[in-house]
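# No sequence on hand, only this structure:
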C-alpha cells in the first residue's frame, strides 16, 4: 500500500470541495475565502475574458421560494450602482444545484489589512466616511447590509473604498423580501462584535438602518483603537453610533458621515458638546498658521516698541 | 462670511491695534486718537482691496504677495505723510497685509458661478 503525503491529501481535499463550474462560462482559478454562508472563488469569465469573484452558497438543498428570493435580492443589489458598492454581474445555479452570484473582482486590501499598514488617522477617517456614504446610498434604496465589518470592506488599488458581501442584506418595506437565508424572528445573522444589540437578540423585525449605523460605529472603533490621539469628538461619535438603544444612535449613515466630515474639518461634531476651552483649542489647532502669523505680528510690535523706547 | 468682509474686519482690528501701539511712543501720544483712526482706516482700505482680490483670484501665494504689496504701499504713504518712522510704520503695515492676504485666501465664502436653467 502507498501512503499519500499531507500535501497531496490537502490538494485532493481542495479539488473535491471546489465548486463545479463545468456547465457555466466560468473557469475556476482559486479559492479566495470561505465563510459560514458560502465560498468566494476567483474565476475567469471566458466570454468576457476577465476575472470575476463568485460567491457560491454552501446550501445545495434550497427551496424554489428561497431561490426566487435570492435571485430577487441579487437583482436589487445589482441595481445599487454606486462607486462604493461592488457590482453584481451575474446570478445562476451550478450543476450541483448550488446558487452563485458573480461580482467584480476587487484587487486591493481589506480594511483590516489596510489599517494594519499604518494608515494615518485622517486616511482612516476618510476611508470610513466613504464606507458611510456607500451604506447611506444603499439605505436610500431600501437596502440594509446587516453584516458590516472590516473584512467586508475593501480598499482598491487606487484607494477606492468598496463595500462587499451583501449576501445577508435585507430589503426594507418589501413583504416579498427576505435575506438569502431565511431569517425568521429569533435567527441571529451577522458578526458578533459588529452587530447591534437588537440584531444579536435576533429581533429581525426591529432591524432598520440604525443596525448598520451600529456596525459602522464598531468599524470606526476598530479603525481607531490603535491610535494614540483620538479626540473626544471621535470617541463621542463612536459612542453615539454604538448606543445600545437604537433611538440614541445616528438616524442615518449620512448623519454619521456628516459628523466624520466635521471631525476631519476640525468643526464641532453633533455627538459632542465641547466647552469653551476645547472650542478655543480646536479653533487654534485648525487655524494654526493664522495664529502663528498674528503672534509673529504682535511679537514684532513688542520688539518695535521696545527698541523705540531705548 | 464673504472674503471682502473678512478683509475689512481683520484689517480694521489689526489697524486699530497698530494705531494703539503709538501710545508707547511718548512723542506722539497726544495724537493717539488721530493715529488710531487713520491706522484703522488704512487697515479697512487694505482689507477691502485684498478681500476683493481674494474673491477674484484663488491663489494663496499670489494673495499673500498682493496683501504684502498693498500693506507696504499704504504704510509707505502714511510714513511719507508722517515724514519719518518708516520702519515702525512700514514693517507692521506689511505684516498686516500679509495676514489679511493669507486669511482672505484661506477663509471666507467662495463665489459660486451662476447656474442657468
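Looks like it arrived, so ask away. Just so you know, these numbers come straight off a predicted model, no measurement behind them. Numbers count the residues shown, from 1 in each chain, chains lettered A, B, ... in the order given.

# Tell me where chain B has helices.
Listed in chain order, the helices of chain B (DSSP state H) span B:3-20, B:32-56, B:60-82, B:86-106.

# Ignore what I typed, I meant chain A.
A:6-17, A:64-78, A:111-116, A:121-140, A:197-200, A:209-224, A:232-241, A:253-264, A:276-286, A:288-308.

# which of the ones you listed sits most buried?
Using mean count of other Cβ atoms under 10 Å in any protein chain shown, the stretch among the helices of chain A with the greatest mean number of neighbours is helix A:209-224 (a mean of 24). Quick note: C-beta positions are derived from backbone N, CA and C, even for glycine.

# Now it: average pLDDT?
Helix A:209-224 shows an average pLDDT of 95 in the prediction.

# Could you do stretch A:245-257 as well?
For stretch A:245-257, mean pLDDT is 95.

# Contact residues of the stretch 151-300 of chain A facing chain B?
Within the stretch 151-300 of chain A, the residues that sit near chain B (Cβ under 8 Å from any Cβ of the partner chain) are A:289, A:290, A:293, A:294, A:296, A:297, A:298, A:300.

# Contact partners for whichever residue of the stretch 101-250 of chain A sits closest to chain B?
Chain B sits closest to residue A:122 of the stretch 101-250 of chain A, with a gap of 18.6 Å, by Cβ to the nearest Cβ. The neighbours of residue A:122, taking Cβ atoms under 8 Å, 6 or more residues apart in numbering or on different chains as the test, are residue A:264.

# gap between it and residue A:151?
When Cβ to Cβ, to the nearest Å is the yardstick, residue A:122 and residue A:151 sit 23 Å from each other.

# The spatially most central residue of chain A and residue A:223: what is the separation?
The structure's chain A has its C-alpha centroid closest to residue A:153; by Cα atoms, centre = their mean the separation is 4.2 Å. Per Cβ to Cβ, residue A:153 is found 10 Å from residue A:223.

# got a list of what residue A:121 touches?
Contacts of residue A:121 by Cβ under 8 Å, 6+ apart are A:224, A:227, A:229, A:230.

# and chain B, which of its residues are near chain A?
With Cβ under 8 Å from any Cβ as the criterion, chain B comes near chain A at residues B:14, B:17-18, B:21, B:24-25, B:87-88, B:91-92, B:95-96, B:98-99, B:102-103, B:106.

# and the residue lying closest to residue B:104 once chain neighbours are set aside, how far is that from residue B:8?
Counting by Cβ to Cβ, 6 or more residues apart in numbering or on different chains, residue B:104 lies nearest to residue B:54, which is 3.7 Å off, once chain neighbours are set aside. Distance, residue B:54 to residue B:8, by Cβ to Cβ: 12 Å.

# higher neighbour count, those two?
residue B:54 (31 against 21; other Cβ atoms under 10 Å in any protein chain shown).

# Report the closest residue of the stretch 201-310 of chain A relative to chain B.
residue A:305 (4.3 Å).

# Now do the same contact list for that residue.
Per Cβ under 8 Å, 6+ apart, neighbours of residue A:305: B:21, B:24, B:25.

# List the contacts of stretch A:228-240.
A:121, A:125, A:217, A:220-221, A:224, A:248-250, A:256, A:259-260, A:263, A:268-269, A:271-272, A:274, A:278.

# Then stretch A:49-58?
Under Cβ under 8 Å, 6+ apart, the answer for stretch A:49-58 is A:19, A:21, A:26, A:29, A:32, A:36-45, A:70, A:89-90, A:94, A:98-106, A:165, A:167, A:180.

# about what we covered before: report the buried members of the residues of chain B next to chain A.
Burial by neighbour count, judged by 16 or more other Cβ atoms under 10 Å in any protein chain shown, picks out B:14, B:17-18, B:21, B:25, B:88, B:91-92, B:95-96, B:98-99, B:102-103, B:106 from these.
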